[in-house]
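Q: sequence? don't have it. structure:
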């Protein structure tokens, strides 16, 4: 009997939409089924991008009986000093944000805050100020976790992802070329990491 392909529940970030996962779905083909919301029954793998990573971590810790795996792609992670001074860390993060704003300007896109987005950003800010709170929630995740992060992410610096993975050595960590939305902008590189991991975890 042919194994059934896993269901991936994909959660987007602030200002994102379900449609951004279409390139990833095409790249995965019949190796997985991507859906935008938790199904009424059955087990699934959670995938979270940016703020969606926070939501995915929380849901995985709350519903271990239904979540088979967790993929954090371009996820939010709290700032990490990595042995550097506060000034150096703040400067590095500001440099990343400046690059991100330049990218938005080049695409003729400007952030449009809404009450919902403001609430999500406020939650991110609180977690950024309290890294231990982030890691306490992450410690509650019992399923396998894959972190896949763009090496040139200007929203969540790759150093933050590396530091989070170091705190949780049981996680699988991978970097791919690209920025914050590698699942959309570099879907084939993204799928080349995610698809084999899904096979290994489903057979474990």
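A: Arrived safely, thanks for sending. Keep in mind the model is a prediction, meaning the values are calculated, not measured.
Q: Tell me which other helices or strands the top strand by length along the chain touches.
A: As far as residue count goes, and with DSSP state E defining each element, the longest strand of the chain is strand 67-75. Contacts defined by 3 or more C-beta pairs under 8 Å, 6 or more residues apart in numbering; DSSP states H and E place strand 67-75 against strand 44-50, helix 51-62, strand 145-150, helix 182-185, helix 187-203. To be clear about C-beta, it is placed using only N, CA and C from the backbone, and glycine gets the same treatment.
Q: Buried deepest among these, which one?
A: Compared across these, strand 44-50 shows the largest average neighbour count, a mean of 26 (mean count of other C-beta atoms under 10 Å).
Q: what angle separates the strand or helix carrying residue 135 from strand 145-150?
A: Using DSSP states H and E, residue 135 sits within helix 131-138. Here the directions of helix 131-138 and strand 145-150 differ by 130 degrees (axes from the mean of the first three to the mean of the last three C-alpha atoms, to 10 degrees).
Q: list the buried ones in helix 131-138?
A: By neighbour count on 16 or more other C-beta atoms under 10 Å, the buried set for helix 131-138 is 131, 134, 138.
Q: Distance of the first one relative to residue 42?
A: Okay, so that is residue 131. Separation of residue 131 from residue 42 (C-beta to C-beta, to the nearest Å) stands at 34 Å.
Q: same deal with residue 175?
A: 32 Å.
Q: Same drill for those two, tell me which one is more crowded.
A: Legend: neighbour count by other C-beta atoms under 10 Å for residue 175 and residue 42, higher for residue 175 (17 against 10).
Q: where does that one fall, phi/psi-wise?
A: The phi and psi values for residue 175, taken as degrees, to the nearest 10, are phi -110, psi 140.
Q: so where's the chain shaky on pLDDT?
A: Residues of the chain meeting the criterion pLDDT under 70: 1-4, 81-130, 203-204.
Q: Could you rerun that using 50?
A: 1-2, 118 (pLDDT under 50).
Q: Check which helices and strands the helix holding residue 135 sits against.
A: helix 51-62, helix 115-129, helix 158-167.
Q: now that helix against helix 158-167, angle please.
A: Using the same axes, to 10 degrees: helix 131-138 against helix 158-167 is 60 degrees.
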